[in-house]
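Visitor: Sharing a sequence plus its predicted fold:
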Amino acid sequence: MTNHKKGKIYIVGAGPGDVNYLTVRGQQLLTQAQVLVYDALVDSLLLQLVPCDCQLFHVGKRGGRPSTPQARINQLLVDQCRQGKQVVRLKSGDPFIFGRSSSEIQALIAAECQFEVIPGISSALAAPLLAGIPLTDSVLSKCFAVVTAHQPEQLDWEALARIDTLAILMGGRHLAEIVQQLQRYGRSHQTPIALIRNGGRPQQQVWLGTLSTIVNQTLGISLSPVVIVVGEVVGLRASMGLADQDQSQSEGYQDKVQGATETTKALTGKTVLVTRSASQSQKFNQLLAQQGATIIEMPTLVITPPSSWAGLDYAIANLANFDWLILTSSNGVDYFFKRLLDNGKDARALVGIKIAVVGKKTAASLKQHNLQPDFIPPNFVADSLVEHFPESLTNKQVLFPRVETGGREVLVKELTEKGAQVVEVAAYESGCPDYMAPAILDAWQQRAIDIVTFASSKTVKNFYKLLKQAFNSSTETNQAYSSADGEQSPPLKTLHSLLDNVCIASIGPQTSESCRQLLGRVDVEAVEYTLEGLTEAIVAWETGRGGKTEKQR
């Protein structure tokens, strides 16, 4: 028996898109995959389920765009299997419903590669359901047919026109011909029709009309990916209780759907990349999710203890010598008080010491230790701390627990110039992760990200470092695969072009300056330098109320 039998290919149906509709078996296989080969319509959030060292190959086929030849996909699967890899071939919907699985399976059989097929929920079934449209009904629809209109000239429209309900995939570009053929073979021009774009995803949209109106309703709109439902069952949608739950547009059939967009949350359909450390992103994620955003996390900071506790321990042992304790981050607060407890002390050791904090979040972290700050500078930035300090700093002993590297040298300089004697001690370290998860880079390359957020200059610097590193690595991997006849894959975009049409959002002036230096621009800057302020600024920009490239000063 040859050793290439050690590998195995799992052909997995991804479902209609949202990770919640992936099967349990599919999720299990993704978390164990060594190689992932996936289609264009697979949701980028699914890619976050794979291990960090999983190798990703995007081989999607989209109408009118460069596509990976099927022969190359077949050979890729065989090659990876022969290397003894556990390979997940991830297909949108169900692998056996217009999934081109037969060609791949035949190639695997010919190469004696082991494989297993895992079913998925087809968008032909899920999209109508999630739009509130039943495909069958005891009175209106005794049967339904699922067809692909990728090549409409090959379909028997005379036969299809007699079927109660049609669920048509890949028909967005051929809508006019579909309508014309159905009417030609006897369907009434008043037959209800629904177009469901991005079914099962946060950005789902539904257009309702009739065969006589739907083409004009959607003129100039890119409908792909779309499921088209034709039949009287479309009229049942209003009684299913879902008609007002999506951002729909209709005319000439269901007037109830009119105006649904007015209640849509501002960030519905937008994917936001959050670059805060994993331990600090929950609140920000919630703020964005409340506005309807889909969140992808890419932690660019790893918070760890400092290389040595010696400086902080010595300062804690001599707290009585200090007049002020300055804390500029939640990390500084958390690590300082943890070390205070490790040294057998608690908040009572700070009696007689005044506390200054920068930012509402830092103040909130301090409050968790049952302490109120004596001073919070306006604008929530460290730059204004010295300018607005409530008393003379001459001969004041100031303790400043801070990040070990890359901290606020300017703040220390300004405090010293005002006469303060500043003792800086390392309370924690903020490092850069070793690498960017492949799924995140893929999300960039597939234009799946609409907004990227930065809450500090360090997140910008680490993001740029990780993006550059991952981009270079991905380019080398992509170039390694070409077809047997020498055909090359479409070249990847340049590093900076990955940010084209992506909103770059910054929490404040220093972070914005880092964005300009490394990323070339900043599109949104918070007016109030907090997570709430950043969320508000993004919403204002998205709804057109922001209007400025960056905050005017």
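Guide: Now that the structure is in, tell me what you want to look at.

Visitor: Neighbours of the closest residue to His189 other than its chain neighbours, how many?
Guide: Taking C-beta to C-beta, 6 or more residues apart in numbering as the measure, His189 lies nearest to Ser212, with 3.9 Å between them; neighbours along the chain are not counted. Quick note: C-beta positions are derived from backbone N, CA and C, even for glycine. When neighbours are counted by other C-beta atoms under 10 Å, Ser212 registers 16.

Visitor: Which strand or helix spans Ser212?
Guide: Per DSSP states H and E, Ser212 falls between elements, in no helix or strand.

Visitor: Next up, phi/psi of it, please.
Guide: Reported as degrees, to the nearest 10, the phi and psi values for Ser212 are phi -90, psi -20.

Visitor: Look at it and report its pLDDT.
Guide: At Ser212 the predicted local confidence, pLDDT, stands at 93.

Visitor: now Asp244
Guide: At Asp244 the predicted local confidence, pLDDT, stands at 46.

Visitor: With Ala14 instead?
Guide: In the prediction, the pLDDT value recorded for Ala14 is 92.

Visitor: Tell me, how many residues neighbour it?
Guide: A count of nearby residues for Ala14, using other C-beta under 10 Å, gives 28.

Visitor: wait, doesn't it sit right on Pro95?
Guide: No - with contacts counted by C-beta atoms under 8 Å, Ala14 stays clear of Pro95, the gap being 9.2 Å.

Visitor: Need the residues touching each of the two.
Guide: Any residue near both Ala14 and Pro95 by C-beta atoms under 8 Å, 6 or more residues apart in numbering counts here, and that gives Gly120.

Visitor: Any figure for the gap between the residue nearest to His189 and Arg173?
Guide: Using C-beta to C-beta, to the nearest Å, one gets 20 Å for the distance from Ser212 to Arg173.

Visitor: wait, Ala315 sits on Gln397?
Guide: No - applying C-beta under 8 Å, one finds Ala315 not in contact with Gln397, separated by 10.3 Å.

Visitor: Could you check which of those two has the larger neighbour count?
Guide: The residue with more neighbours, out of Ala315 and Gln397 and counting by other C-beta under 10 Å, is Ala315; that gives 21 against 15.

Visitor: quick one: contacts for that one?
Guide: For Ala315, the contacting residues are 322, 399, 401, 423, 425, by C-beta under 8 Å, 6+ apart.

Visitor: shaky segments in the stretch 151-300 of the chain?
Guide: Counting by pLDDT under 70, the stretch 151-300 of the chain contains low-confidence residues at 202, 241-264, 278-281.

Visitor: 80 instead?
Guide: 200-203, 238-265, 268-269, 276-282, 292, 294 (pLDDT under 80).

Visitor: Can you show me the strands along it?
Guide: 165-169, 192-197, 205-210, 226-230, 249-250, 271-274, 294-297 (DSSP state E, counting those that start in this stretch).

Visitor: residues touching the residue nearest to Asp18 when sequence neighbours are not counted, list them.
Guide: Excluding its sequence neighbours, the residue lying closest to Asp18 (C-beta to C-beta, 6+ apart) is Gly200, at 5.1 Å. With contacts defined as C-beta under 8 Å, 6+ apart, Gly200 is in contact with 15-18, 21, 123, 126-127, 130.

Visitor: Now tell me what touches stretch 145-155 from outside.
Guide: Here stretch 145-155 has contacts from 63, 97-98, 122, 124, 160, 163, 165-171, 174, 177-178, 181, 228, using C-beta under 8 Å, 6+ apart.

Visitor: quick one: strands adjacent to the helix or strand containing Glu116?
Guide: Mapping Glu116 onto the secondary structure by DSSP H and E places it in strand 114-118. Each strand paired with strand 114-118, and its direction, by DSSP bridges: strand 8-13 (parallel).

Visitor: which helices and strands sit right next to the next helix or strand after the strand it pairs with?
Guide: The element immediately downstream of strand 8-13 (helix or strand, assigned by DSSP H and E) is helix 24-32. On a contact count with 3 or more C-beta pairs under 8 Å, 6 or more residues apart in numbering; DSSP states H and E, helix 24-32 meets strand 8-13, strand 86-91, strand 114-118.

Visitor: Around the closest residue to Gln55 other than its chain neighbours, count how many other residues there are.
Guide: Of all residues not flanking Gln55 in the chain, Val35 sits nearest, at 4.9 Å (C-beta to C-beta, 6+ apart). Using other C-beta under 10 Å as the criterion, Val35 is surrounded by 22 other residues.

Visitor: quick one: low-confidence parts of the stretch 1-150 of the chain?
Guide: Using pLDDT under 80 as the threshold, the predicted model of the stretch 1-150 of the chain has low-confidence ranges 1-6, 17-18, 40-45, 47-48, 52, 60-67.

Visitor: Please, where are all the strands along it?
Guide: Listed in chain order (using DSSP E, counting those that start in this stretch), the strands of the stretch 1-150 of the chain are 8-13, 35-38, 55-58, 86-91, 114-118, 144-148.

Visitor: Distance to Leu467 for the ones you listed - can I get that in CSV?
Guide: Putting the strands of the stretch 1-150 of the chain into CSV (distance: least, C-beta to C-beta, whole Å) gives the following:
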stretch, distance to Leu467
strand 8-13, 28
strand 35-38, 20
strand 55-58, 16
strand 86-91, 24
strand 114-118, 33
strand 144-148, 37
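
Visitor: who wins for proximity to Ser392 among those?
Guide: Of all the strands of the stretch 1-150 of the chain, it is strand 55-58 that lies closest to Ser392, at 59.0 Å by C-beta to C-beta.

Visitor: And the average pLDDT for stretch 535-546 is what?
Guide: The pLDDT scores in stretch 535-546 average 84.

Visitor: just how off-centre is that stretch within its chain?
Guide: Between the mean C-alpha location of stretch 535-546 and the chain-wide mean there is a distance of 18 Å, by C-alpha atoms, centre = their mean, to the nearest Å.
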